[in-house]
Structure formats: structure tokens, C-alpha cells
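[1] One predicted model, sequence on top.
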Amino acid sequence: MANTGGQQVRITWWRGGQHPTLENITRRMAEEGLRPYVWANTPNFRYSTRSHGYAKTLYCVLGSLEITFSETKQRVVLRAGDRIDLPQGVRYSAIIGPSGVQCIEGSPL
């Protein structure tokens, strides 16, 4: 878990041999009652500081991204198979890794 000034951000690192497929992650998210959608971006793209009015779950499918939490300056790097659960209102920025990234994220239905 990341310390974000009181809000619980949960990070689940992928442990295992073969990374989960997009189809497996999509199915898992739907089973959890999340509405999944896929997005991708190019290497080294930077997302400015942001927050959302809803909780969201994000899986890194391919590539990597670094997330920095604004309040604590704590950084985490997500790679294929890693998951992060972000509560509503958590402020963060992101930098896409050198190979680009494909992610799937969702929020509760």
C-alpha cells in the first residue's frame, strides 16, 4: 500500500510466471463489478497532476508507467500484471515508461 496522506491506495504486484492477458484482466475486472476500458500511450508521455471524482482500478498490461502521489512525493512503477486501486480524490501524476504502455482501468458500475 502507498501512503497518500490518509487515503488507502492499494498496489498489487504481479507474482507468477506468465503475465495475465488483456482478456483475463478484463474478465476479472468485470467479475469485480468494474466497467473496464483499455488505453495506451507512447513512451515518456507525461500526465500532469490529476484526481478523479470516483475510485478506479488500473492494471498495466504491457510496458510500464511511474505514478507519483502529489501529497507524499512517493513513486511507484507499475509493470505488466501490476494493479493499483486508487480511491476517489487521490492526487497523482504519471510518466509512461520508455517502451510505452497499455493499461486497462475501470470504475464501479
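    Looks like it arrived, so ask away.

[2] same for the helix or strand hosting residue 66, what does it pack against?
    Secondary structure assignment for residue 66, by DSSP states H and E: strand 56-69. When contacts are defined as 3 or more CB pairs under 8 Å, 6 or more residues apart in numbering; DSSP states H and E, strand 56-69 packs onto helix 22-31, strand 34-41, strand 75-79, strand 83-86, strand 92-108. Backbone N, C-alpha and C define where each C-beta goes, glycine included.

[3] which of the ones you listed is buried the deepest?
    strand 83-86 (a mean of 21; mean count of other CB atoms under 10 Å).

[4] Just the C-alpha atoms of it, please, in PDB.
    What follows is strand 83-86, C-alpha atoms only, in PDB (Å, rounded to 0.1, in the frame of the first residue of the first chain):
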ATOM      1  CA  ARG A  83      -2.600  -3.400 -10.300                       C
ATOM      2  CA  ILE A  84      -3.300  -0.200  -8.400                       C
ATOM      3  CA  ASP A  85      -6.600   0.700  -6.700                       C
ATOM      4  CA  LEU A  86      -7.000   4.500  -6.400                       C
END
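
[5] shift numbering so it begins at 52
    In the new numbering, first residue 52, that becomes strand 134-137.

[6] Now do that strand: which elements does it pack against?
    strand 59-63, strand 107-120.

[7] To residue 87, which of those lies closest?
    strand 107-120 (8.5 Å; CB to CB).

[8] Partner strands of that closest one, with direction?
    In the sheet, strand 107-120 lines up against strand 126-130 (antiparallel), strand 134-137 (antiparallel), strand 143-159 (antiparallel) (DSSP bridges).

[9] Mean pLDDT and distance to residue 89 added to these, as TSV?
    Formatted as TSV, the strands paired with strand 107-120 follow (pLDDT from 0 to 100; distance: least, CB to CB, whole Å):
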stretch	mean pLDDT	distance to residue 89
strand 126-130	98	15
strand 134-137	98	15
strand 143-159	97	5
